[in-house]
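# need a structure here:
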Amino acid sequence: MDAHTPPLVPADQLARENPIRMPHESEAYRAARQALLAEEYELRRHIERVAQMRRALPPGGAVVGDYRFDTEDGPTDLAGLFGERQTLVVYNYMFGPERQRPCPMCTNLLDAWDGNADDLAQRVSLVVVARSPLERLVAVKRARGWQNLRLASAIGDDFTRHYAVSPDGGLDSGGPSVFSRRDGVIRHFWSEEITASDPGQDPRGAPDLAPLWTVLDMTPEGRGADWYPSLEYPR
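From the prediction side, this is the model:
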């Protein structure tokens, strides 16, 4: 903690001082809600501690190799994906040539990210990379109504093999990777490496990058154990 940062008020104290009450709630509800509120304060603080640790990582490995991509603006290399930014966020999209259709989970997440892509572009370069030919990616983009996401088809398998973080070296892997460019040197900064799941759960990052799951986690039913988003719903 910075010497000029005031000490944090204990989370349980913040919960006790919470003035909010809901109509017709019971004493048992309020006691349980205050205990939960203390944990929510702790969770918020833990998320920030993790983010600080991530930002403080030592320099990652230099990117070695001529990774090539086909984009809607033409062919480019990894440096070209940065544009004018110093940080590149890549989402490795599980839509390789062996898949007839893209991963529904990845697609759902990207549906949400499309709405934030213009905002993110003010600070970082965000690119969706997949191993499928560009025309297949563009077809998905049109079908989903994406307006702002930038797409890149990886030419060859090396980029996915090296940076999509598959525990067994497989190529049908998804998730975010972040790269930095400082003084002309491109380095890997961070990739999601959570691949093991806890009992009764699917593997998930922390924090979860998909708003879908964040909303469901607020509900009595939760996210469930046997439900996943679909690529289509009846209208």
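# sec struct for residue 112, please.
helix (DSSP: H, G, I helix; E, B strand; the rest coil).
# I figured it was touching residue 215, is that so?
No - in this structure, residue 112 is not within contact of residue 215 by CB atoms under 8 Å, at 10.3 Å. The way it works is simple: take the backbone N, C-alpha and C, and place the C-beta from them, glycine included.
# What are the boundaries of the helices in the protein?
11-16, 27-55, 78-82, 104-120, 134-144, 158-163, 211-216 (DSSP state H).
# From the contact counts, what lies against the first one?
What that stands for is helix 11-16. helix 27-55 (3 or more CB pairs under 8 Å, 6 or more residues apart in numbering; DSSP states H and E).
# what number of residues lie near residue 206?
10 (other CB atoms under 10 Å).
# Quick check: pLDDT value at it.
Looking at residue 206, its pLDDT stands at 79.
# Thought residue 194 was touching it, still the case?
Yes - with contact defined as CB under 8 Å, residue 206 counts as touching residue 194 (6.5 Å).
# circling back to that earlier point, would you reformat the helices of the chain as a markdown table and include mean pLDDT, mean neighbour count and distance to residue 90?
As requested, the helices of the chain are exported to a markdown table (pLDDT from 0 to 100; neighbours: other CB atoms under 10 Å; distance: least, CB to CB, whole Å):
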| stretch | mean pLDDT | mean neighbour count | distance to residue 90 |
| --- | --- | --- | --- |
| helix 11-16 | 93 | 15 | 35 |
| helix 27-55 | 96 | 12 | 16 |
| helix 78-82 | 98 | 19 | 7 |
| helix 104-120 | 96 | 17 | 12 |
| helix 134-144 | 97 | 16 | 14 |
| helix 158-163 | 91 | 19 | 7 |
| helix 211-216 | 89 | 15 | 20 |
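# and of these, who's closest to residue 177?
Nearest to residue 177 among the helices of the chain is helix 158-163 (4.8 Å), distances taken as CB to CB.
# quick one: that closest one to chain centroid distance?
18 Å (CA atoms, centre = their mean, to the nearest Å).
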